[in-house]
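A.B. asks: only geometry, no sequence info:
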Ligand SMILES: [Zn+2]
């Protein structure tokens, strides 16, 4: 269950970000995580891992929101870009199978919300 180690990394980077901005962890109410579809994360396992890892910590009332980021494909032959809808990666434009994959393999701490309404903005983005 790789969700636990992913969650651990996410919580660590969240703490680093909070420390850098002098925000108390207890004030964080929501964490938004962008998960690349290729990472094959099971959302239920992810929620369960987050609950378990934050129980009885300063983050125990913090909610986790998962946003699945779709895989985007590009044909290296004609540069056509298209969404990943089939398990075989073939360009719908020219039929080539020489495909470059863009996105879908990263997990990013996208944002977090704190009680006083001060959101964790763009510079909260950090690969976990
Ligand atoms: Zn093509």
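C.D. replies: That came through, no problem. If you're wondering where the values come from, they're calculated on a predicted model, not measured in any experiment.
A.B. asks: would you say residue 64 is within a strand?
C.D. replies: Yes: counting by DSSP: H, G, I helix; E, B strand; the rest coil, residue 64 falls inside a strand.
A.B. asks: That one contacts residue 50, correct?
C.D. replies: Yes: here residue 64 reaches residue 50: they are 4.4 Å apart, a contact under CB atoms under 8 Å. Glycine gets a C-beta too; all of them are placed from N, C-alpha and C.
A.B. asks: Next up, the contacts around residue 80.
C.D. replies: 74, 91, 92, 93, 94 (CB atoms under 8 Å, 6 or more residues apart in numbering).
A.B. asks: With residue 91 instead?
C.D. replies: Neighbours of residue 91 in contact, by CB under 8 Å, 6+ apart: 73, 75, 77, 78, 80, 82, 97, 99.
A.B. asks: rewinding a little: for PyMOL, what selects the buried ones among the contacts of residue 80?
C.D. replies: Selection of buried members from the contacts of residue 80 for PyMOL, criterion 16 or more other CB atoms under 10 Å:
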select buried, resi 91
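A.B. asks: just checking, which of the contacts of residue 80 belong to strands?
C.D. replies: Of the contacts of residue 80, the ones assigned to strands by DSSP state E are residue 74.
A.B. asks: what residues does this protein put near the ion?
C.D. replies: Residues of the chain that fall close to the ion, judged by CB under 5 Å from the ion: 75, 77, 78, 80, 91, 93, 94, 96.
A.B. asks: backbone phi and psi for the residue most central in space within the chain, please?
C.D. replies: What sits nearest the mean C-alpha location of the chain, by CA atoms, centre = their mean, is residue 34, with 2.6 Å. Per-residue torsions, residue 34: phi -90, psi 120 (degrees, to the nearest 10).
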